[in-house]
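[1] please find the sequence and the predicted model below.
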Amino acid sequence: MRINRIQNQIRETEEESSKLVEDLSLIDLLIKKYKNKHGNLIPLLQGVQSIYGYIPRDAFFKLNKEVGLELSAMYGVATFYSQFRLNPVGKHIIKVCHGTACHVQDASKITDALMDSLKINDGETTEDNMFTLESVACLGCCSLAPVMMIGEETYGKLTNKSSVKVIKNIKIQESKATNKE
Ligand code: FES
């Protein structure tokens, strides 16, 4: 079952990543730093993700070739831990909490409102690569439920309207920044 899941992930990742060509030289320093270190798999995957925002398919192959890490071991870890992403993400990642406290405060309605406003499904990225919508577990501020996080910013006591308004404000700021350029 788990092997099938990993194989499906690999196939999806290949389809998605094949659309993008990342500059793999960006991870040369990272490889140099961790190449012969024991237990380097997770730090390497974390480092790759911090550079690209996700782990590109070709980065797995480069790590395999240059560090000697097994592809199956890397994919296994990357698909097991939710911190790792196998697909590109938007500039703003919207994390809507679906932990218990937020769930009972109708977090699903927040997600529905955002899906409606952004015209994407949960887990997807908008066409302009501006927003990625994600459902996550407890964000650690249950007294503010329902909660979402965008970047380092936490938004609490949300309603459908207020959550959509946050997104609209970010869009306004983005377009102002673009016009200034
Ligand atoms: S359950 Fe949402 S912040 Fe804890």
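    Arrived safely.

[2] contacts, neighbours, all on C-alpha from now
    Will do.

[3] shouldn't Trp84 be in contact with Gln49?
    Actually, residue 84 is Phe. It isn't Trp. Yes: counting by CA atoms under 8 Å, Gln49 is a contact partner of Phe84 at 7.3 Å.

[4] who touches both of the two?
    Counting by CA atoms under 8 Å, 6 or more residues apart in numbering, the contacts common to Phe84 and Gln49 are Ile55.

[5] show me where the chain has its strands.
    Counting by DSSP state E, the chain has these strands, from start to end: 92-97, 131-136, 148-150, 153-155.

[6] right, so of those, which gets closest to Leu114?
    Smallest distance to Leu114 across these (CA to CA): 7.9 Å, for strand 131-136.

[7] which other residues reach stretch 89-109?
    When contacts are defined by CA under 8 Å, 6+ apart, stretch 89-109 is touched by residues 53-54, 110-111, 125-126, 129-139, 142-143, 145-151, 160.

[8] which ones, among those, also lie beside the ligand?
    Of the residues in these, proximity to the ligand by CA under 6 Å from any ligand atom holds for 138-139, 142, 145, 147.

[9] of the contacts of stretch 89-109, select the buried ones using a ChimeraX command.
    In ChimeraX, the members of these classed as buried (16 or more other CA atoms under 10 Å) are selected with the following command:
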select :53,54,110,111,125,126,130,131,132,133,134,135,138,139,142,145,146,147,148,149,150,160
